[in-house]
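K.L.:
coordinates only, sequence not included:
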């Protein structure tokens with residue numbers, strides 16, 4: 001709520017300042033890291049078209065909703081894959097996909113995407129990118145297999161980043 005209410009204030013006067021150095025990428029709108037105790041916290045994306053990628057704020061909000069929908073589909077596919085592999089012995093993957101908590105927050109006609117901060121860093125990342133897609137890592141064959149099975153369930157194939 002605070003991020004939306006303070007959007008017209010200069011960044012220095014806001015309770016939470018946007019991460020403006022681009023290290024978190026530019027797609028998805030303004031990014032905010034709100035720390036919690038320890039390594040926990042919430043990562044917010046204010047769904048605005050800050051860099052002209054979407055053709056307007058309404059389309060940026062729509063993209064945020066699609067991001068939530070895609071995570072829900074992946075979680076459902078991962079659950080089905082995990083259940084199908086349980087007790088399957090050597091043929092089962094034996095690994096479930098950890099999906100972060102994700103929610104959209106609609107307030108005063110604006111949309112935020114809120115995501116739990118995962119305890120993953122460059123030294124613990126097994127699949128994905130820690131530098132906005134410049135390098136993509138796939139170091140765990142088990143995780144690659146679990147993702148492949150979930151993607152097969154969703155009828156989606158690999159693509160270049």
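P.N.:
Good, I have the coordinates. Only a predicted model underlies this, so the values are computations on that prediction, with no experimental measurement involved. Numbers count the residues shown, from 1 in each chain.

K.L.:
what residues does the spatially most central residue of the chain make contact with?
P.N.:
Closest residue to the average C-alpha location of the chain: residue 115 at 6.6 Å, with Cα atoms, centre = their mean. Listed by Cβ atoms under 8 Å, 6 or more residues apart in numbering, the contact partners of residue 115 are 42-45, 100-102. Any C-beta I mention is one placed from the backbone N, CA and C, and that applies to glycine too.

K.L.:
against residue 148, how distant is it?
P.N.:
24 Å (Cβ to Cβ, to the nearest Å).

K.L.:
what of residue 119?
P.N.:
In terms of Cβ to Cβ, residue 119 sits 25 Å off from residue 148.

K.L.:
list the buried ones in the helix ranked longest in the chain?
P.N.:
Secondary structure of the chain per DSSP state H: the longest helix is helix 57-85. Using 16 or more other Cβ atoms under 10 Å as the burial criterion, the residues of helix 57-85 that qualify are 57, 60-61, 63-64, 67-68, 71, 74-75, 77-78, 81-82, 85.

K.L.:
partners of the helix or strand following it, with directions?
P.N.:
Counting by DSSP states H and E, the element after helix 57-85 in chain order, helix or strand, is strand 102-107. The strands beside strand 102-107 in its sheet (DSSP bridges) come out as strand 110-116 (antiparallel).

K.L.:
angle of the partner strand against helix 57-85?
P.N.:
30 degrees (axes from the mean of the first three to the mean of the last three Cα atoms, to 10 degrees).

K.L.:
any chance you could list what contacts whichever helix or strand comes after strand 110-116?
P.N.:
Using DSSP H and E, the helix or strand that directly follows strand 110-116 along the chain is strand 127-128. Contact with strand 127-128 is made by 136-140, 143-144, 147, as judged by Cβ under 8 Å, 6+ apart.
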